[in-house]
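Participant: Please find the sequence and the predicted model below.
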Amino acid sequence: MDSNLRPGEDLQHYLERQASQMQERAAALQEAFAAAAATVTSRDGTVTVSLAPNGALRNIQLGKRACELGEARLAATIMETVRLAQSQTARAVTSSVQSIVGNNQAVEMMKSFLPPDPAAADEVDQNKFVEDPEPDDAPPPPKPPVTPPSSPTNRPRRRPERRDDDEEANPW
């Protein structure tokens, strides 16, 4: 006999009890996953993102000041906010699974895929996602002097003359 059987319990009742417990766990997991959706607002309040429990992007809202950031900083702020929401969602799902099924190999595997804790990380440099960061307080660079196109190197290139046989080789 199996040691998980209660005294006087037969195999059919044991299997029904196990099935009932599995259904309860599945329902609890489903509720926990639904609650794991995240909505995160950027530090400056310009971007709010909402994610589904699986990490899929549900919504992005841009505040009134979002356009003032410029394209590069706005993109960096969106990416940082999405990463924070993804981290929050992944941690909530992992925590839910752990509370329902216990600390087993599946939970340990899930933990190994979690991103670094954003609270423990230093403040994210907004310019790290930007190819050419815009300095906040730096004056604009001086403009190069304009030279007239007098030398052969500065002259605009001229289009070659059109010949009759060009149409066959170039369909455009």
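Facilitator: Received, thanks. Numbers count the residues shown, from 1 in each chain.
Participant: What ranges does this protein have for its strands?
Facilitator: Secondary structure of the chain (DSSP state E): strands at 38-41, 47-51, 57-62.
Participant: Gln88: which of these is closest?
Facilitator: Closest to Gln88 of the strands of the chain, according to Cβ to Cβ: strand 38-41, at 4.4 Å. All C-beta spots, glycine's among them, are computed from the backbone N, C-alpha and C.
Participant: mind checking how far Thr89 is from Phe33?
Facilitator: Thr89 sits 10 Å away from Phe33, taking Cβ to Cβ, to the nearest Å as the criterion.
Participant: where do the contact lists of those two overlap?
Facilitator: Pro53 (Cβ atoms under 8 Å, 6 or more residues apart in numbering).
Participant: Between these two, which is the more surrounded one?
Facilitator: Set Thr89 next to Phe33 and count neighbours by other Cβ atoms under 10 Å: Thr89 wins out with 22 against 17.
Participant: Would you mind listing the buried residues in the helix ranked longest in the chain?
Facilitator: For the chain, the helix with the greatest residue count under DSSP state H is helix 71-101. Buried residues in helix 71-101, counted by 16 or more other Cβ atoms under 10 Å: 72-74, 76-82, 84-94, 96-98, 100.
Participant: cool, and stretch 12-30?
Facilitator: Neighbour-count burial for stretch 12-30 [16+ other Cβ under 10 Å]: Leu29.
Participant: For this structure, which segments are assigned as helices?
Facilitator: Remark: helices assigned in the chain by DSSP H are 11-35, 71-101, 105-112, 166-169.
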